[in-house]
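> Here is the input, now give the coordinates:
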Amino acid sequence: MNYNSSVAELRCPIPAMPATTPQFGYNEYGDMDYYTCEPGYSFQDDEVTKLFKCTRDATWVPDDQECISKFCPERPVYLNG
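The predicted structure is shown next:
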């Protein structure tokens, strides 16, 4: 760890959110970025776009970082049934 680094040099890891696109790609402490779910997906609260903020402890808030498919799963195929 570099103890000479300033708070401005802190970075959040780029969220590994499948089916999302960041608007700006910012990830330094204090940065905010919008993430948008791809068509057919939404966050758990049914929002399609969310604003995330990089915090001092190098995490993003809110922590709801998953776009969920709104498609119905494929129906199973039954043979001889």
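
> residues in contact with Phe43?
By Cβ atoms under 8 Å, 6 or more residues apart in numbering, Phe43 lies in contact with Cys37, Lys50, Asp64, Glu66, Cys67, Ile68. For the C-beta atoms, the positions are set from N, CA and C on the backbone; glycine is no exception.

> right, and the fifth one touches Gly40 too?
No. Using Cβ atoms under 8 Å, Cys67 and Gly40 do not qualify as a contacting pair, with a distance of 9.2 Å.

> Looking at these two, which one has more neighbours?
Cys67 (23 against 11; other Cβ atoms under 10 Å).

> and the more buried one, what pLDDT?
If you check Cys67, the pLDDT there is 89.

> Contact partners for it?
Contacts of Cys67 (Cβ under 8 Å, 6+ apart): Met17, Pro18, Ala19, Thr20, Cys37, Glu38, Tyr41, Ser42, Phe43.

> can we see that at 10 Å?
Cys67 is in contact with 17-21, 35-38, 40-44, 47-48, 50, counting by Cβ atoms under 10 Å, 6 or more residues apart in numbering.

> Equivalent analysis for Pro22, please.
Each residue near Pro22 by Cβ under 10 Å, 6+ apart is listed here: Ile14, Pro15, Asp33, Tyr34, Tyr35, Thr36, Phe52.
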